[in-house]
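Enquirer: mind looking at a prediction? Sequence and model below.
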Amino acid sequence: MVSVSGDTDFIQVGWMVNKGVYGDGITRFFTMWTADYFETTGCMNTYCPGFVQVNSKIPLSSNFDQVSTVNGTQYDYPISIVQDQSTLDWWLIAGPNITAIGYWPRDLFPFLNTIAIHVEWGGYLQKADPTSTTAPQMGSGLFPEQGYGKAAYFKQIQIVQGEGGFVDPTADSVNLISDRPQCYKVGPSAELLFYTGYHFYYGGPGGDKCNP
């Protein structure tokens, strides 16, 4: 999940498994937005007015044909959320061919209509049955220290600074946060990926010990 946020508004883009929405366990592409923490606005994909899709080559809710496996082939999927400096609309750019899929008009948002004050990368989950004592796994189900080929990861993380283009975040500007470190972790690995740039590994097995 990639997220940009203002104060009470945010945009999220990424991939999810959601049997409650889709009726299956397939990994699917998704977007989400709100202007007031979902009190009266916002929704997922195009289930309500808001996101304007201009290219149908990568439809929202489409499934991923190729997904990474532990000790197997690792697949990367580039995603960017970029604000047009002329219109101030927020554009979704994704896919191996760097395709402009659509945009969220600036008028949707009270704060994101000018600038984002937070950018987040990572994962979150919700139990389908709130009474269950067992939480599902995140990512591959393995902790970050397992490294490349095992743990889930984000790579080539960058932010856009006005018209200055894409830049790597600095170590002192990034906080690594997990609200259930006993079952999900986030952190760098001593084993670097095959490139230069900011990256991190994340995820974990879930299980009974994840309840507060």
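Expert: Received it, and whenever you're ready, just let me know what you need. Predicted model, so just to flag it, every value in this text is computed and none were measured.
Enquirer: any idea how far residue 104 is from residue 117?
Expert: 16 Å (CB to CB, to the nearest Å). Heads up, the C-betas are built off the backbone N, CA and C, glycines and all.
Enquirer: let me fix that: residue 210
Expert: Counting by CB to CB, the gap from residue 210 to residue 104 is 33 Å.
Enquirer: on that earlier part again, give me the more crowded residue out of residue 117 and residue 104.
Expert: The neighbour comparison of residue 117 against residue 104 (other CB atoms under 10 Å) goes to residue 104, with 23 against 11.
Enquirer: excluding sequence neighbours, find me the nearest residue to that one.
Expert: Distances taken as CB to CB, 6 or more residues apart in numbering place residue 90 nearest to residue 104, at 4.5 Å, with adjacent residues excluded.
Enquirer: residues near residue 180, how many?
Expert: Neighbours of residue 180 under the rule other CB under 10 Å: 16.
Enquirer: skipping its backbone neighbours, what lies nearest it in space?
Expert: That would be residue 210: by CB to CB, 6+ apart, it lies 5.1 Å from residue 180.
Enquirer: how deep is the closest residue to residue 141 other than its chain neighbours tucked in, by neighbour count?
Expert: Of all residues beyond its chain neighbours, the one nearest residue 141 is residue 205 (4.9 Å), with distances taken as CB to CB, 6+ apart. For residue 205, the number of neighbouring residues by other CB under 10 Å comes to 17.
Enquirer: ok, the one 3 residues further on next?
Expert: Neighbours of residue 208 under the rule other CB under 10 Å: 10.
Enquirer: show me the strands in the chain, by range?
Expert: For the chain, applying DSSP state E gives strands covering 2-5, 10-16, 28-34, 43-44, 52-53, 79-83, 90-94, 99-104, 118-121, 152-157, 159-160, 166-167, 185-187, 198-203.
Enquirer: sheet partners, orientation included, of the fifth one?
Expert: Which is strand 52-53. Sheet pairing here is set by DSSP bridges, and for strand 52-53 it gives strand 99-104 (antiparallel).
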